[in-house]
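Participant: Okay, here's the prediction I keep looking at, along with the sequence it came from:
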Amino acid sequence: MADSSSSRHRLLYKKVGSPPWKEAFRQGCLERMRNSRDRLLNKYRQAGGSTPGRGRNRLLVQEVMEEEWNSLQSVENCPQALAQECDTWAVIF
């Protein structure tokens, strides 16, 4: 009898599953991840068509590396953005 009353009491205060804000946050992270991945893939897809030869590819690699370096430098100054960058890198790898 004590078990049934304690389980009813527990059900009043403990919810099963994730809170709604957590699910909304997760969905936002997934959407950001998809958009970031799409932009990166589109950038690589468009790189090969404009200029023949390897010169254009080298410039693209240099440009991407500079963007990522600048992004990492800005993240070092803002620890809250670090979690978001980690999510982005997890998708890429």
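Facilitator: It's in.
Participant: Run through the neighbouring helices and strands of whichever helix in the chain runs longest.
Facilitator: The longest helix of the chain (DSSP state H) is helix 20-50. If you count contacts as 3 or more C-beta pairs under 8 Å, 6 or more residues apart in numbering; DSSP states H and E, helix 20-50 packs onto helix 55-77, helix 79-92. Placement of C-beta: from N, CA and C, glycine included.
Participant: mean pLDDT lowest for which of those?
Facilitator: Between the helices and strands packed on helix 20-50, the lowest average pLDDT goes to helix 79-92, which shows a mean of 58.
Participant: Burial check on residue 59, number of neighbours?
Facilitator: 12 (other C-beta atoms under 10 Å).
Participant: Residue 64: neighbouring residues, count only.
Facilitator: 14.
Participant: Would you mind measuring from it to residue 73?
Facilitator: 15 Å (C-beta to C-beta, to the nearest Å).
Participant: Residue 57 too?
Facilitator: 25 Å.
Participant: Compare those two (neighbour count), which wins?
Facilitator: residue 57 (13 against 9).
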